[in-house]
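Engineer: No sequence on hand, only this structure:
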């Protein structure tokens, strides 16, 4: 699966790292600038996919192990649901924005904990951005890793 | 006058009538639009964060985003199930 070109192998690792940094920047600025969790996660995934496509699944410098994928995927999904449950128990309905608290039903101490330290009144939106970004990044990457790994397994089996 | 000529004339007149009606509707559409709930969203959303799209996605419709991310999870699972059948685990 890996390509033989030396130029490709030289340039794709820096491009991957730049793509990953850009994705992280997009996720962290999701509530101020255009973009958000989904777009930033897709950017990070594209960086890792580029590296996997060029170097091959076995010797890519940006390799994700099975445990890593498992933990990040679970953290992304469970974090979103847990933030929703915090809103359910504290504010009254599922995924209530506890940090911003437009309805003034949340005690001040809990609101201060979940308020994003920023000049905006974003509340839990940046945290949800980060969780969705993790989920999208790991989801898209794991599909590509699975395809590359299945191809390798099939070639070895024949 | 043959039948085709009459049909063409009728088609031309009807097309002109339809286009005049359409242009009239488009010119006067701004008087008919009622902002409705959009005013509330615009007033509330700017209190939360400057990016209205993110506010809609992650605050007003966060349930939708949860379902969207679960779709991605399901897609990964189905890829592993279908394309990895017989390759992973015990090969019986």
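Structural biologist: Great, that's in hand. Bear in mind that the values here come from a model prediction, so they are computed numbers and not experimental data.
Engineer: Can you mark which positions in the helix or strand of chain A with the lowest mean pLDDT are buried?
Structural biologist: When the helices and strands of chain A are compared on mean pLDDT, DSSP states H and E, helix A:108-114 comes out lowest with a mean of 87. Judged by neighbour count (16 or more other C-beta atoms under 10 Å in any protein chain shown), helix A:108-114 contains these buried residues: A:110-111, A:114. Glycine gets a C-beta too; all of them are placed from N, C-alpha and C.
Engineer: how much space between the spatially most central residue of chain A and residue B:31?
Structural biologist: By C-alpha atoms, centre = their mean, the mean C-alpha position of chain A lies nearest to residue A:134, the distance being 2.1 Å. For residue A:134, the distance to residue B:31 equals 47 Å [C-beta to C-beta, to the nearest Å].
Engineer: which bits of chain B sit near chain A?
Structural biologist: For chain B, the residues in contact with chain A under the definition C-beta under 8 Å from any C-beta of the partner chain are B:44, B:47-51, B:53-55, B:57-59, B:62-63, B:65-66, B:68-70, B:72-73, B:75-76, B:79-80, B:83-84, B:87-88.
Engineer: Quick one: name the residues of chain A near chain B.
Structural biologist: Contact residues (C-beta under 8 Å from any C-beta) of chain A with chain B: A:30-34, A:36-38, A:73, A:76-77, A:80-81, A:84, A:94-95, A:97, A:100, A:102, A:120-125, A:128-129, A:132, A:135-136, A:139-140, A:142-143, A:146-147, A:150, A:153-154, A:157.
Engineer: Can you tell me which of the residues of chain B next to chain A end up in helices?
Structural biologist: Using DSSP state H, the members of these that fall in helices are B:44, B:47-48, B:53-55, B:62-63, B:65-66, B:68-70, B:72-73, B:75-76, B:79-80, B:83.
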